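Undergrad: Sequence first, then the predicted structure, then my questions.
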2 protein chains.
Amino acid sequence: MQNSPVLADGDNTIFELGDFAFESGATLPNARLSYVTYGALNESKTNTVLLPSWYSGNHHGYEFLIGPGKALDTSKYFIVATDMFANGLSSSPSNTPPPFAGPDFPEIAIRDNVKATHRLLTEELGIEHLRAVIGFSMGAQQALQWAVSHPDMVEAAVAICGNAKEYPFGIVRLEGAKSALMADSAWNEGRYDKPPEVGLKALARHWATWGVSQEWWRRETYRELGYASIEERLLAAEAGWLRRDANNLLWQAKMWQRHNVGDTPGFGSDFEKALRSIKARVLLMPSETDLYFPVADAEYESRFIPEAKLVPIPSIWGHGAGAGRGPGDADFLNQAIADFLGRSR
Amino acid sequence: MQNSPVLADGDNTIFELGDFAFESGATLPNARLSYVTYGALNESKTNTVLLPSWYSGNHHGYEFLIGPGKALDTSKYFIVATDMFANGLSSSPSNTPPPFAGPDFPEIAIRDNVKATHRLLTEELGIEHLRAVIGFSMGAQQALQWAVSHPDMVEAAVAICGNAKEYPFGIVRLEGAKSALMADSAWNEGRYDKPPEVGLKALARHWATWGVSQEWWRRETYRELGYASIEERLLAAEAGWLRRDANNLLWQAKMWQRHNVGDTPGFGSDFEKALRSIKARVLLMPSETDLYFPVADAEYESRFIPEAKLVPIPSIWGHGAGAGRGPGDADFLNQAIADFLGRSR
């Protein structure tokens, strides 16, 4: 994840949400949603592709899918890439004034991002139809939530290395991540003046194994990235995580942990019922070596989504395969997504 | 791991090693090796089975393999179960007086355990031949090291969920574990008066996902163990890890990380050459869902060990399958090991 700095280069636009009511019940004044667009909306307003950001990422994350010859040709699609709450660009613990600053920021649901983005699309951009929602990891959580929350608006959804709910393994794994960061007393329940560096470094080392696969490490693939040793690779990872805000990372992780499309109003916590309600065509692309989101979980979900296609990514890049990190991963994703979008219903 | 308290019930015997020279160069005075035995040595002294302990475990760990109808019938075998250095019973950071107490304890190699145990067997118990060495996890590291260090003494070796060296993935995973514990400032570079509880709890949450498989969690298998929720399971894990000594855990983890049979004197760091030198029959039993020690690593090693048999354990219990934790795992291991030992050369 350390390849996608949270602090983007200022090319983003802010949509002012005003008073925003989170699913938790809290209302945040002057809430903000950050986004960028590529290409142009067509006359019939039917060519929008939405790309919601992932954990520790931002609106730049999907550029490997965007451009001539890629899945998302900007001469064909109008692309809206959004920043998730708590990523440091949209409203976040790090950029919100008191009384909602830092650890006083409201708890966030994946659905809160869908709600905010729905307002951006309909109120600001005049869009009532999504040609596709495509997301990786927590972006996949958002993509599938879109398909459940707005069945008549979403034509197609692509969930790359991510699921419609967080399974127990993922919840526990994220407990490990959070605990490593919070073990640093400098974190101080989120009320720090300077970054809890020891905790952020522990988090870096936590993620180092999860981000790719056992085989990736066994082949010493870090050498292909220019690192001469394991420790050199880990130090680079630490430097990346030290640029993040601890509370932002924790708020994103908690949002990730508690996600379940079954909790969408109207489904009474019935996960399978929520999946069955999806009208969009859905492409599920787990990575064959993803340690967070094993293929079995996507396969399980595919049994309930009426029109689902399961295309695992063959890669040793684990979770990172879904962000196009390994040689061949980006090509595989571009081809599969282009094929999927190109098919008429 | 939390099912095997480090503080055993006092049934162990101490073998006094006197001044013990570690591979690191340090010499520890009054070093101690803890062990227990089951059964009796036969007249020809050819029926000894050695069982070296694993990370955070002790000499009780292998009882699921010992007894009538199990792989290791005490009427047939003389069983020696040893405690690894730093497990709290043999010489450890926690039980050694200054100037080698706590963080001043020497760094340990897997080979140091082999060396100490070789002295126990030859000097104290009069044993020059091992019918088998059987080990799980770090016990497997020891079993394979025995086969390399003493090719003419070891007749058979069984490596359950463990390898002949620590692969990069495992090294990095253990960095995550160590960092979570050390992020607690109460750890204080190992000079604590009371346990670094926040760090030990973070370690508990770190291990919670690694110890079993994604599928284990997805099926909510913790309910079969009597836990009503994920959090209840995690709190029980924390209670288990809080009984451990932080430095002991760190010293064991560092020993685990740096292991490589290729570093045995005489092999010039040539891992494959060391494996080729093994004369013992070897049974490799990775678990099909082990997240630390994937089957691919055991398969790789089997290509160099002259007489190797690879029998993966079919289980959703991940690494824990090798400790006989899942229903059917203990039976599978007992059957496979009994078959293996029963075969004449």
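TA: That came in fine, so what should we check first? Computed from a predicted structure; not experimentally measured.
Undergrad: so how far is the longest strand along chain A from its chain's centroid?
TA: Counting residues, the longest strand found in chain A (DSSP state E) is strand A:27-38. Relative to its chain's centre, strand A:27-38 lies at 16 Å (C-alpha atoms, centre = their mean, to the nearest Å).
Undergrad: Sheet-wise, list the partners of that strand with their directions.
TA: Strand A:27-38 pairs in its sheet with strand A:13-21 (antiparallel), strand A:78-82 (antiparallel), by DSSP bridges.
Undergrad: Now that strand: buried residues?
TA: A:28, A:31-38 (16 or more other C-beta atoms under 10 Å in any protein chain shown). (Glycine included, C-beta is placed from N, CA and C.)
Undergrad: returning to that earlier point: would you reformat the strands paired with strand A:27-38 as JSON lines and include mean pLDDT and mean neighbour count?
TA: Formatted as JSON lines, those follow (pLDDT from 0 to 100; neighbours: other C-beta atoms under 10 Å in any protein chain shown):
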{"stretch": "strand A:13-21", "mean pLDDT": "98", "mean neighbour count": "14"}
{"stretch": "strand A:78-82", "mean pLDDT": "98", "mean neighbour count": "25"}
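Undergrad: for the record, mean pLDDT for the longest strand of chain A?
TA: Averaged over strand A:27-38, pLDDT sits at 98.
Undergrad: about what we covered before: and the strands paired with strand A:27-38: which comes nearest A:His150?
TA: strand A:78-82 (14.3 Å; C-beta to C-beta).
Undergrad: List the contacts of the closest one.
TA: Contact with strand A:78-82 is made by A:33-42, A:47-53, A:59-62, A:66, A:72, A:90, A:113, A:117, A:120-121, A:125, A:127, as judged by C-beta atoms under 8 Å, 6 or more residues apart in numbering or on different chains.
Undergrad: what does the stretch 1-150 of chain A have sitting close to chain B?
TA: Applying C-beta under 8 Å from any C-beta of the partner chain, we find that the stretch 1-150 of chain A lies next to chain B at no residue.
Undergrad: Tell me the secondary structure at A:Ala116.
TA: helix (DSSP: H, G, I helix; E, B strand; the rest coil).
Undergrad: How about the contacts made by it?
TA: A:15, A:17, A:20, A:31, A:33, A:85, A:90.
Undergrad: For the last one, grab the count of nearby residues.
TA: Just to be clear, that refers to A:Ser90. As a burial measure, A:Ser90 scores 27 neighbours (other C-beta atoms under 10 Å in any protein chain shown).
Undergrad: For it, pull up the helix or strand it's in.
TA: Using DSSP states H and E, A:Ser90 maps to neither a helix nor a strand.
Undergrad: if I pick it, what's in contact with it?
TA: A:32-34, A:82-84, A:116.
Undergrad: mind redoing it with 10 Å?
TA: By C-beta atoms under 10 Å, 6 or more residues apart in numbering or on different chains, the contact set of A:Ser90 is A:12, A:14-15, A:17, A:31-35, A:53, A:58-59, A:82-84, A:108, A:113, A:116-117.
Undergrad: cool, the fifth one as well?
TA: Shown in contact with A:Leu33 (C-beta under 10 Å, 6+ apart): A:12-17, A:20, A:82-85, A:89-91, A:113, A:115-117, A:119-120, A:124.
Undergrad: before we move on, what about A:Tyr292?
TA: Applying C-beta under 10 Å, 6+ apart, the residues near A:Tyr292 are A:137, A:161-163, A:166-167, A:169-170, A:173-174, A:210-211, A:256, A:286, A:318-319, A:322, B:209, B:214.
Undergrad: measure it to A:Gly162 for me?
TA: 9 Å (C-beta to C-beta, to the nearest Å).
Undergrad: and the angle from the following helix or strand past the longest strand of chain A to strand A:27-38?
TA: Counting by DSSP H and E, the element after strand A:27-38 in chain order, helix or strand, is strand A:48-52. On the basis of axes from the mean of the first three to the mean of the last three C-alpha atoms, to 10 degrees, strand A:48-52 is oriented at 120 degrees to strand A:27-38.
Undergrad: okay, and the common contacts of A:Tyr292 and A:Gly162?
TA: A:137, A:170, A:256, A:286, A:319, A:322.
Undergrad: my guess is the third one meets A:Tyr167, correct?
TA: No - A:Trp256 is beyond contact range of A:Tyr167, at 11.6 Å (criterion: C-beta atoms under 10 Å).
Undergrad: one step back: sort out for me which of the shared contacts of A:Tyr292 and A:Gly162 are in helices.
TA: For the shared contacts of A:Tyr292 and A:Gly162, the ones inside helices are A:170, A:256, with DSSP state H as the criterion.
Undergrad: Farthest pair within the shared contacts of A:Tyr292 and A:Gly162?
TA: Of all pairs drawn from the shared contacts of A:Tyr292 and A:Gly162, the greatest distance, 16.3 Å, lies between A:Trp256 and A:Pro286 (C-beta to C-beta).
Undergrad: Which residue of these two possesses the greater neighbour count?
TA: Neighbour totals were compared for A:Trp256 and A:Pro286, and A:Pro286 leads with 29 against 24 (other C-beta under 10 Å).
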